[in-house]
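A.B. asks: build me a model:
(one chain, ligands or ions: 1)
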Amino acid sequence: MLQGKEIVLGVCGGIAAYKAAELVRLYVKAGAKVSVVMTAAAQQFITPLTFQTLSGRPVHSELFSLLQEQDIGHISLADRADLLVIAPATANLIGKLSAGIADDLLTTTVMACKAPVLLVPAMNSNMWQNPVCRRNVEQLQQCGYHMLEPATGMLACGWEGQGKMPEPQTIRDESQRLLAPQDLAGETVLVTAGPTREELDPMRFLSNHSSGKMGYAIARAAAQRGARVHLVAGPTALLPPPGVELRPVASALDMHAAVMALAPDCSIIVKAAAVADYRPCCRQKQKIKKGSESTLTLELQRNPDILAELGRLPGERVLVGFAAETEQLLDNARRKLQDKNLDLIVANDLTAEGAGFAVDTNLVRLIYRDGRVEDLPQMSKELLAHRLLDRIRDQRGE
Ligand code: PMT
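C.D. replies: Purely as a prediction, here's the structure:
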């Protein structure tokens, strides 16, 4: 969604300005072209050279810069933007914008800009709660400005509360959402992600290497494209994607209960989770002690096959499964497609470099109900998520 897009990033004077450097890096990594505009106060916290180096473009700060531009600076910046983001946005900037004040390069650029504007406030929690600030934020939202709520936590000023700038990944995700086509609006999508944990005793469990990256990427992409998204996820270390309703679970039985409760209201279901096929027959109440024997036998029992049960559920929906295989990829995946009554299965070759568990890329083959096979080149899980949603959208259309 960010490939080739022009992003104008405004940086105001707040301690969170240092995080804007990481944001520029993420935008550039995603293929966007970034022009940074700094207020005078921002330059007290971080130097223009940092942004110039990361964006590969000159940094703008002067309203009247005869040397920098032949065009009128703020107008050419405003015209070039596909998206204007201000991170961090201070109480001062929010107040100025809501009052219609345009007295420096950043505020004049915002005033002249017809592209979507995303404000990412960061300030002391008392300033954020101040009724004047609340009124200004509301006023700007009514005028169509997008706002990413500050996070809650320990603030640089020593206070604890709401006011922290959200993480750069969250701001990048929200930027992608604002630029994405809303072609899944009206759809309710259920995605499962991550591993399950089958407990043996209070200390130990059986699990697998799934990091949740693939499922989270699908949930994030679907939300960006306007869908309502439920994400049922086993334990992962990932940040919840913005706009997604996360339901954390642990075991296959927990996942089964959560998925079956949500499924009847969903028009698209994508099962990217790596669900344990078996769980211990009984979970010991106390830690299992080491015995004198050199071997230990565990007795396991089958978990419900959630995807197969979904395939038998009445109603109209697109049902997509994943197959993680180490041999006979196509045969095994085709059998799962048929047995579980799927519309589409994504076949992962776990032996291929840069594919499957924990890595940021994947290399898959899509197998359709009518037998067609589509080989996709290796790509990031983010991009694969969008490709997969393109195919699912086409199937919904049919
Ligand atoms: O999470 P990452 O680190 O990014 O890795 C991604 C991934 C490799 C986990 C993912 O892309 C993937 O392949 N997920 C499916 C892994 C798997 O469990 O495959 P399977 O062949 O065992 O299961 C086939 C399908 O049935 C899957 O959609 C699975 O969610 C589902 N299933 C399996 C068992 C079960 N009891 N219930 C199920 O619903």
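
A.B. asks: C-alpha only now, for contacts and for neighbours.
C.D. replies: Fine.

A.B. asks: tell me which strands and helices the one helix or strand V37 maps to is in contact with?
C.D. replies: Using DSSP states H and E, the element containing V37 is strand 33-38. Applying 3 or more Cα pairs under 8 Å, 6 or more residues apart in numbering; DSSP states H and E, we find strand 33-38 packed against strand 6-11, helix 17-29, helix 48-55, helix 105-112.

A.B. asks: mind listing what's buried along stretch 327-347?
C.D. replies: Going by neighbour count (16 or more other Cα atoms under 10 Å), the buried part of stretch 327-347 is 329-330, 333-334, 336-337, 340-347.

A.B. asks: meant to ask about stretch 374-385
C.D. replies: M379, S380, K381, E382, L383, L384, A385.

A.B. asks: shaky segments in the stretch 201-350 of the chain?
C.D. replies: For the stretch 201-350 of the chain, applying pLDDT under 70 flags no range at all.

A.B. asks: now V8: how far from C113?
C.D. replies: V8 sits 10 Å away from C113, going by Cα to Cα, to the nearest Å.

A.B. asks: centre of the chain to the longest helix seen in the chain, how far?
C.D. replies: Counting by DSSP state H, the longest helix found in the chain is helix 381-397. Counting by Cα atoms, centre = their mean, to the nearest Å, helix 381-397 is centred 16 Å from the centre of its parent chain.

A.B. asks: before we move on, the earlier item: where do the contact lists of V8 and C113 overlap?
C.D. replies: Between them, V8 and C113 share these contacting residues under Cα atoms under 8 Å, 6 or more residues apart in numbering: A78, A81, L84.

A.B. asks: reformat those residues as JSON lines; add secondary structure, neighbour count and pLDDT.
C.D. replies: Below are the shared contacts of V8 and C113 laid out as JSON lines (DSSP: H, G, I helix; E, B strand; the rest coil; neighbours: other Cα atoms under 10 Å; pLDDT from 0 to 100):
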{"residue": "A78", "secondary structure": "helix", "neighbour count": "22", "pLDDT": "92"}
{"residue": "A81", "secondary structure": "coil", "neighbour count": "23", "pLDDT": "96"}
{"residue": "L84", "secondary structure": "strand", "neighbour count": "27", "pLDDT": "98"}
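
A.B. asks: flag every buried residue along the strand holding V37.
C.D. replies: Those would be K33, V34, S35, V36, V37, M38, for strand 33-38 by 16+ other Cα under 10 Å.

A.B. asks: ok, so of those residues, who is nearest the ligand?
C.D. replies: K33 (28.0 Å; Cα to the nearest ligand atom).

A.B. asks: now the closest one. Nearest residue, chain neighbours left out?
C.D. replies: The spatially closest residue to K33, leaving aside those adjacent along the chain, is E6, at 4.9 Å (Cα to Cα, 6 or more residues apart in numbering).

A.B. asks: just the pLDDT for that neighbour.
C.D. replies: At E6, the model reports a pLDDT of 97.

A.B. asks: and the one 3 residues further on, by the same measure?
C.D. replies: What the model reports for L9 is a pLDDT of 98.

A.B. asks: give the contact list for it.
C.D. replies: Going by Cα under 8 Å, 6+ apart, L9 touches V34, S35, V36, V37, L84, V85, I86, A87.
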